[in-house]
Each structure stands twice: as C-alpha cells, then as structure tokens.
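Asks: just coords:
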C-alpha cells in the first residue's frame, strides 16, 4: 500500500476526503488484493478507535467498504447536474452521517454497563486547547488564550497563534522572547523570518524577536516537542537555521522536522519529514534523510538512526494521537500532558502492555479510557484530575 492511499483512507475515516480522494480510493479498492490490504490496514491502525477486535468486525469492515464504493457515484451523479453546488453540502452531510453510524456500531461493541459507567463519571478533565504564556525580553508575561487578542511591539496574537513581524533592518541588540505551553495546551508561532513552529503540550521555545539578516538563525527548544517548517535559506541570504536543545544541535537549510525532548524522558527524538538536517552532539554528527529519526540517549550519549513513519510520529500536529506498538505507560504519559492529569498504575503489570491505533485529541478522557477498557485495561477510576489504572 502506498503512502498516498494510506493518507486517503485516513482522510475518509476522519471525514476530510474530497471527491477526487473518493475516486482514487474506490477505484483502488475494486482490486480484490487491495480490498484485503484495506481491511488489514484498518484493523491494524484503527483497532483502538473502532474496537475492531469485536467478533462482528468483519461485518463492520464490509459495510465500510460498501459505503466507500457507494459514495463515488453519489458525488459524480450530483456533479453532472447544474444544481451540484447547492446539493454538494447535503451529499457530504449524508456521507458523514453514514461514517458516524459506522463508528457508533463499532463503539456499541462495548457493553451497556461500560457505557453507563462512563456517562456517570463526573470530573473536570477536558481536552487540551490553544494556550500559552509569552515572556517578553523585560521578563513580563502575557497569557495567550482564545478570545484574548494581544499586540506587542514585534508581534500580534489572536489567542490561537502568535505572528512576528518581518524585520529587514539589523537590530542593535538581539532581544529574545519565550513561548511556554502548559500541560493541556498547544500553540502555533510564526517567527519573524517566516518559519512556522507548532508547539505541543508542556513545551518551551526561546527565540529572537527578529533575526539578523544574513546571519545564522538560532532558536532553542528548551524542552518539550515542536514541529518546524523552516523558511528556506535562499530567502535569507543563505542564512542557515539552527535549533538547540539540551545535548544536541539541529542545523537545516530549509525543511520540515519534529523534535521531541521532554524533561521527564531520557531520549531526544528528531524526525525528518522533508529536506536534510544535520544532528550534532558531543559524540559525533549525523545526517538525516526524509523518513528517518535520530534518537539521542542522554544517559550514555549515543545517537542512533532508524526509519520511521513520519505521519505517525507527527500526528499530534494534525489533531491525532497515533500509537504503534507503544506501551501503555508511554501512552499514558502522552495523554497526561494533553489532558493535564496524573496517572497512577495500581496494577504495574499493565505498564508494559502494547497498544496500537489512532485517537482523536478532541475525544473526552472517558471515551479514550472506555475504548482501552474494552481491549487492554481491566478497569479505571477518575478522582479529580488523577486517573487510576487497574
């Protein structure tokens, strides 16, 4: 299966597929071998969301296939009519309603007692949202959150992102700002050179409010996780872009990559999506190619390179948790940051259990735990902002 087909399947399931996507997907599925690949892919990558382990999973998958094949002629039939633009929205609503019904059937594989238990749980745990704290060069701090517009001498924020002004003049002194994302938060920043950065929960970025034209552009990921889409050096008189964090330096010319360097983890992961980056550490240098990931072990200072699925590694930026053979302990660490909770394993043997699948970051914590309860954990309890896994 090609990466293109995988992306279209994800887009269909997440309700963002276009008519062109449906053309490609429905024609691809016509081949029996591809239909088998489709079923295997959904069972492997969406087992968590859909509870595919249910005995009736084959029935649900067959139904999903039929709906995909039916959606294509619906699009084309309406497209040939002059009223297409007025009914297209209605067609999409119908298709998405079908998708919702399929999801409902899959979730209904859980027992009614489980559903009642989840609905009865009362807590103040909510999914993360766009929020951050901006620290200016004089040390003053400004809260950035939805509905709160902020203007500084160098930037403007609508509460969901902050954008810095481009500056072609050479500043007298380089001034730095910090953007700190708390647990339960995320934020987008556009630096003065046009570089775009998406910051995950519990992260902090240090950066100049303006870069010196022609000189190397330097920022520091103090901790946490960030996805960088770097403005090419060709637009900045050949100036390279460098990201410092803990024990490594990442140097790029113009590219897209992800760095994960949390304070409570002993490894730093750098994943390259596009372009080329050079990783420098005290133990040596490495060059990354697209779809490669470096892992710097902070304990013994070793640097290893491996091939990875970049879509899985950067899914958080698209509003998804994508887990592939991750331990329950690792998964709970990710969820704890996003939902700003503490997780306690009453049954320590569960920490090492492997989990696979995708979850929507906007789902409630009860929904996610209920899905896990159907396949992995025995039980759970929520007390205030603490989750106890049994």
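Replies: Yep, that arrived. Because the structure is predicted, anything quoted here is derived from the model rather than measured. Numbers count the residues shown, from 1 in each chain.
Asks: and the residue nearest the centre of the chain, how far is that from residue 224?
Replies: Geometric centre of the chain, nearest residue: residue 316, 1.0 Å, by CA atoms, centre = their mean. Distance from residue 316 to residue 224, counting by CB to CB, to the nearest Å: 11 Å. To be clear about C-beta, it is placed using only N, CA and C from the backbone, and glycine gets the same treatment.
Asks: OK, contacts around the residue nearest to the residue nearest to the centre of the chain when sequence neighbours are not counted?
Replies: Closest residue to residue 316 in three dimensions, ignoring its sequence neighbours and counting by CB to CB, 6 or more residues apart in numbering: residue 200, at 5.6 Å. Counting by CB atoms under 8 Å, 6 or more residues apart in numbering, residue 200 makes contact with 181, 186, 224, 225, 226, 227, 260, 316, 317, 337.
Asks: Those residues in helices, which ones?
Replies: Those of those mapping onto helices are residue 337, per DSSP state H.
Asks: Pull the most distant pair out of the contacts of residue 200.
Replies: 227 and 337 (15.4 Å; CB to CB).
Asks: Against residue 221, how distant is the residue nearest to residue 316?
Replies: Taking CB to CB, one finds residue 200 at 11 Å from residue 221.
Asks: how far out from the middle of the chain is stretch 359-370?
Replies: In terms of CA atoms, centre = their mean, to the nearest Å, the centre of stretch 359-370 is found 14 Å from the chain centre.
Asks: and if you look at stretch 135-155?
Replies: That offset, for stretch 135-155, works out to 25 Å (CA atoms, centre = their mean).
Asks: same question, stretch 129-144
Replies: Here the centre of stretch 129-144 is set off from its chain's centre by 23 Å, with CA atoms, centre = their mean.
Asks: what residues does it touch?
Replies: With contact meaning CB under 8 Å, 6+ apart, stretch 129-144 is reached by 145-146, 150, 152, 157, 159-162, 175-182, 184-188, 199, 209.
Asks: let's see 7 Å
Replies: For stretch 129-144, the surrounding residues in contact (CB atoms under 7 Å, 6 or more residues apart in numbering) are 145-146, 150, 152, 157, 159-160, 162, 175-182, 185-187.
Asks: ok, of those residues, which come out buried?
Replies: Using 16 or more other CB atoms under 10 Å as the burial test, the contacts of stretch 129-144 include 145, 152, 157, 159-160, 162, 177-182, 185-187 as buried.
Asks: tell me the secondary structure for residue 178?
Replies: strand (DSSP: H, G, I helix; E, B strand; the rest coil).
Asks: Which strand residues bridge the closest residue to it other than its chain neighbours?
Replies: Nearest in space to residue 178, with sequence neighbours left out and distances taken as CB to CB, 6+ apart, is residue 135 at 4.0 Å. Per DSSP bridges, the residues bridged to residue 135 are residue 141, residue 178.
Asks: Pull the residues that contact stretch 293-304.
Replies: Contacts of stretch 293-304 (CB under 7 Å, 6+ apart): 246-248, 266-271, 279, 281-284, 286, 288, 305-306, 308, 313.
Asks: switch the cut-off to 6 Å
Replies: With CB atoms under 6 Å, 6 or more residues apart in numbering as the test, stretch 293-304 has contacts from 248, 266-271, 279, 281, 283, 286, 288, 305-306, 308.
Asks: same thing with stretch 208-219?
Replies: Residues from elsewhere that reach stretch 208-219 (CB under 6 Å, 6+ apart): 154, 167, 170-171, 174-177, 192-193, 207, 237, 239-243.
Asks: Those in strands, which ones?
Replies: 176, 177, 207, 241, 242, 243 (DSSP state E).
Asks: thinking again about what came up before, what about the residue nearest to residue 316, distance to residue 262?
Replies: Distance, residue 200 to residue 262, using CB to CB: 9 Å.
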